[in-house]
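Colleague: mind looking at a prediction? Sequence and model below.
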Amino acid sequence: MKNKNVDLLVGAQWGDEGKGKVVDLLGADVDVFVRSQGGANAGHTVIVDGQKVVFHLLPSGMLYPGKLCVLGNGLVIDPEQFLKETAELESRGQACARLAVSPHAHVVMPYHKLLDRLQEQARSKSRKIGTTGRGIGPCYVDKYTRCGLRIEDLLDADVLRERLVPLLEEKNQILTHLYNEKPLPFDEIYEPAREWGKALAPYVDDTMTLLRKAVDGGQHILLEGAQAALLDIDHGTYPYVTSSSTCAAGAFTGTGLAPNDLKRIISVVKAYTTRVGEGPMPTEDLGDDGEKLRQQGGEFGATTGRPRRCGWLDMVGLKYATALNGADTIALTKLDVLTGMGPIKVCVAYDHNGTRLDRYPTDTRVLEEVKPIYETLPGWTEDISGCRKFEELPAAAQDYVRYIERELNAPVKLVAVGPDRAQTIDRGMRD
Ligand code: IMP
């Protein structure tokens with residue numbers, strides 16, 4: 001057996017750390033790109049030669065022709081979105097990479113998306129989650145109550161019918177009785193689903209075995225996490241989280257790979273904090289700094305277009321996420337956005353009603369009440385977007401990177417200084 005060569009890449013904040021860019025950058029050396037959880041709620045933006053491509057469902061590695069891309073069993077797949085993204089890539093003349101879809105991934109059905117929106121509307125203002133409306137939560141509910149449709153169920157028209165009849169009856173009861181909606185006619189759901197099955201069939205494969213062989217053959221595999229640690233269903237800021245295991249551990253159940261298959265766990269950290277949707281965010285800045293970060297960082301959701309909430313780096317949350325993910329390597333993104341921000345603030349602890357908290361509170365309600373305790377570091381004004389070596393960065397920017405390394409006890413092996421693939425400082429990430 002050859003040496004294992006599997007990298008896992010995960011987000012360290014609330015998503016939108018720029019994981020797509022890092023995946024894309026590592027991509028040239030990767031043989032297999034894999035997604036293991038979530039669905040079309042993700043929005044991975046990749047900019048190549050000035051052209052912007054946003055992936056919601058497909059792995060960001062799809063831009064590399066000829067590589068194998070895998071959608072693992074842990075995903076919830078919206079077939080409409082899947083077919084839209086593959087068609088878009090083809091129409092751009094970007095030959096689709098080889099794509100394999102697990103038969104065990106769950107299918108996001110139209111009623112999941114409808115229920116996602118209706119449930120969100122029904123939540124009181126203080127309990128809204130601010131979901132992406134992509135049907136993620138309701139689809140995972142069906143998975144865990146063991147009544148969900150899996151990709152394999154779409155492949156056989158009779159099986160699909162048999163499974164869908166009672167399912168739709170139940171959904172229609174909920175829609176009509178709980179939400180006063182019209183029932184969904186069977187054929188309107190069944191017929192498109194049958195077509196999806198035909199269109200998806202060529203992609204369906206035993207992904208667990210494919211991956212096993214790739215690992216044992218020493219191929220370079222990149223597991224692309226979607227969302228991020230603080231949105232994890234178990235460890236995140238519940239209930240303001242997504243419905244999958246977004247921390248490192250989720251990659252194993254979501255693919256069938258084993259923890260000892262990994263070589264590296266790369267944590268993607270944005271140089272400041274953002275959050276989209278509801279829930280506590282201790283360093284959210286509602287004043288000028290937050291607005292400036294939003295504008296300079298182009299912080300508008302790739303999936304929903306919503307303005308992201310912005311603020312300074314939160315070391316308490318980051319230390320928690322780093323421990324949770326077992327991260328041994330850091331990719332720091334969007335450092336250029338801090339240019340001209342003046343002195344840089346970093347949250348080093350929280351104040352909770354006069355008590356200093358150095359650790360991430362387990363209780364989300366406490367997190368809602370804390371105030372950040374900041375340390376101030378020097379900023380810089382020089383344009384750093386053209387820097388390609390660490391030594392070319394202004395001293396204050398270098399110090400900021402070193403500060404993060406020291407506090408998180410892991411090396412920053414990559415620094416992104418602009419959106420383009422080329423705007424990157426590699427400090428050994430690709431060695
Ligand atoms: P859901 O995943 O659509 O159920 O949304 C649950 C929460 O996760 C909401 O606050 C979303 O804004 C957030 N969320 C889901 N996917 C992403 C993502 O890819 N980036 C950032 N936030 C996300």
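Modeller: Received the coordinates, thanks. Numbers count the residues shown, from 1 in each chain.
Colleague: which residues does the residue in the stretch 151-300 of the chain positioned nearest to the ligand contact?
Modeller: Nearest residue of the stretch 151-300 of the chain to the ligand (CB to the nearest ligand atom) works out as Gly277 at 2.1 Å. For every residue, glycine as well, the C-beta is placed using N, CA and C. For Gly277, the contact set (CB atoms under 8 Å, 6 or more residues apart in numbering) comprises Trp14, Ile129, Gly130, Thr131, Thr132, Tyr240, Arg306.
Colleague: repeat for Thr242
Modeller: Per CB under 8 Å, 6+ apart, neighbours of Thr242: Gly38, Asn41, Ile136, Gly137, Gln227, Leu231, Asp232, Ile233, Gly236.
Colleague: redo those as JSON lines? Include distance to the ligand.
Modeller: Formatted as JSON lines, those follow (distance: CB to the nearest ligand atom, whole Å):
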{"residue": "Gly38", "distance to the ligand": "7"}
{"residue": "Asn41", "distance to the ligand": "4"}
{"residue": "Ile136", "distance to the ligand": "4"}
{"residue": "Gly137", "distance to the ligand": "5"}
{"residue": "Gln227", "distance to the ligand": "5"}
{"residue": "Leu231", "distance to the ligand": "5"}
{"residue": "Asp232", "distance to the ligand": "10"}
{"residue": "Ile233", "distance to the ligand": "10"}
{"residue": "Gly236", "distance to the ligand": "9"}
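Colleague: which of the residues you listed has the most neighbours?
Modeller: Comparing the contacts of Thr242 on neighbour count, Gln227 comes out first with 31 neighbours (neighbours: other CB atoms under 10 Å).
Colleague: then it would be within a strand, right?
Modeller: No - under DSSP: H, G, I helix; E, B strand; the rest coil, Gln227 falls outside any strand and is assigned coil.
Colleague: quick check, it in contact with Ala40.
Modeller: No - with contact defined as CB atoms under 8 Å, Gln227 does not count as touching Ala40 (12.0 Å).
Colleague: write out the residues of this protein neighbouring the ligand.
Modeller: Neighbours of the ligand within the chain, by CB under 6 Å from any ligand atom: 14-16, 41-43, 129-132, 134, 136-137, 226-227, 231, 240, 242-243, 276-277.
Colleague: and the gap between Glu80 and the ligand?
Modeller: 16 Å (CB to the nearest ligand atom, to the nearest Å).
Colleague: so how far is stretch 364-372 off the chain centroid?
Modeller: 24 Å (CA atoms, centre = their mean, to the nearest Å).
Colleague: so where's the longest helix in this structure?
Modeller: helix 157-173 (DSSP state H).
Colleague: quick check: mean pLDDT of that helix?
Modeller: Averaged over helix 157-173, pLDDT sits at 97.
Colleague: and the angle for the helix or strand following that helix with helix 157-173?
Modeller: As assigned by DSSP states H and E, the chain's next helix or strand after helix 157-173 is helix 186-200. Helix 186-200 runs at 140 degrees relative to helix 157-173, counting by axes from the mean of the first three to the mean of the last three CA atoms, to 10 degrees.
Colleague: show residues contacting helix 186-200.
Modeller: 79-80, 82-83, 101, 107, 109-111, 149, 151, 154-157, 160-161, 164-165, 168.
Colleague: wait, is Asp289 part of a strand?
Modeller: No - membership of Asp289 in a strand is not supported by three-state DSSP, which gives helix.
Colleague: of the contacts of Thr242, which belong to helices?
Modeller: Of those, the ones assigned to helices by DSSP H are Ile136, Gly137.
Colleague: got TSV for the contacts of Thr242, with pLDDT too?
Modeller: Below are the contacts of Thr242 laid out as TSV (pLDDT from 0 to 100):
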residue	pLDDT
Gly38	97
Asn41	93
Ile136	98
Gly137	98
Gln227	96
Leu231	98
Asp232	98
Ile233	98
Gly236	98
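Colleague: OK, now which residue of the stretch 1-150 of the chain is nearest to the ligand?
Modeller: Gly15 (2.7 Å).
Colleague: my guess is that residue contacts Leu231. True?
Modeller: Yes - in terms of CB under 8 Å, Gly15 counts as a neighbour of Leu231; the distance is 5.9 Å.
Colleague: just the buried ones from the contacts of Gly277, in PyMOL syntax?
Modeller: To isolate the buried ones among these in PyMOL, judged by 16 or more other CB atoms under 10 Å, type:
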select buried, resi 14+129+131+132+240
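Colleague: relative to Ala323, which of the contacts of Gly277 is nearest.
Modeller: Trp14 (16.8 Å; CB to CB).
Colleague: I'd guess the residue of the stretch 151-300 of the chain closest to the ligand is in a strand, am I close?
Modeller: No - counting by three-state DSSP, Gly277 is not part of a strand but coil.
Colleague: any idea which element Tyr374 lies in?
Modeller: strand 371-377.
Colleague: next structured bit after that strand?
Modeller: Following strand 371-377 toward the C-terminus (DSSP H and E): helix 395-408.
Colleague: quick check: buried residues in the lowest-mean-pLDDT helix or strand in the chain?
Modeller: Lowest on mean pLDDT, DSSP states H and E among the helices and strands of the chain sits strand 44-48, with a mean of 74. Of the residues in strand 44-48, His44, Thr45, Val46, Ile47 count as buried by neighbour count, 16+ other CB under 10 Å.
Colleague: these two touch, right, Asp142 and Arg150?
Modeller: No - contact criterion CB under 8 Å: Asp142 and Arg150 do not qualify, at 10.1 Å.
Colleague: shared neighbours of these two, anything?
Modeller: Counting by CB under 8 Å, 6+ apart, the residues touching both Asp142 and Arg150 are His106.
Colleague: ok, these two, which is more surrounded?
Modeller: Asp142 (22 against 17).
Colleague: quick one: pLDDT of the closest residue in space to Asp358 that isn't next to it in sequence?
Modeller: Nearest non-adjacent residue to Asp358, counting by CB to CB, 6 or more residues apart in numbering: Ala349, 5.0 Å away. pLDDT recorded at Ala349 is 98.
Colleague: can you give me the neighbour number for Ala349?
Modeller: Ala349 has 16 nearby residues by other CB under 10 Å.
Colleague: ok, now which ones touch it?
Modeller: Val316, Arg356, Leu357, Asp358, Ile373.
Colleague: phi and psi next, for it.
Modeller: Main-chain dihedrals, Ala349, degrees, to the nearest 10: phi -160, psi 170.
Colleague: which strand residues bridge it?
Modeller: For Ala349, the beta-bridge partners are Ile373 (DSSP bridges).
Colleague: could you check stretch 334-345 and say which residues are buried?
Modeller: Lys334, Leu335, Asp336, Val337, Leu338, Thr339, Met341, Ile344, Lys345.
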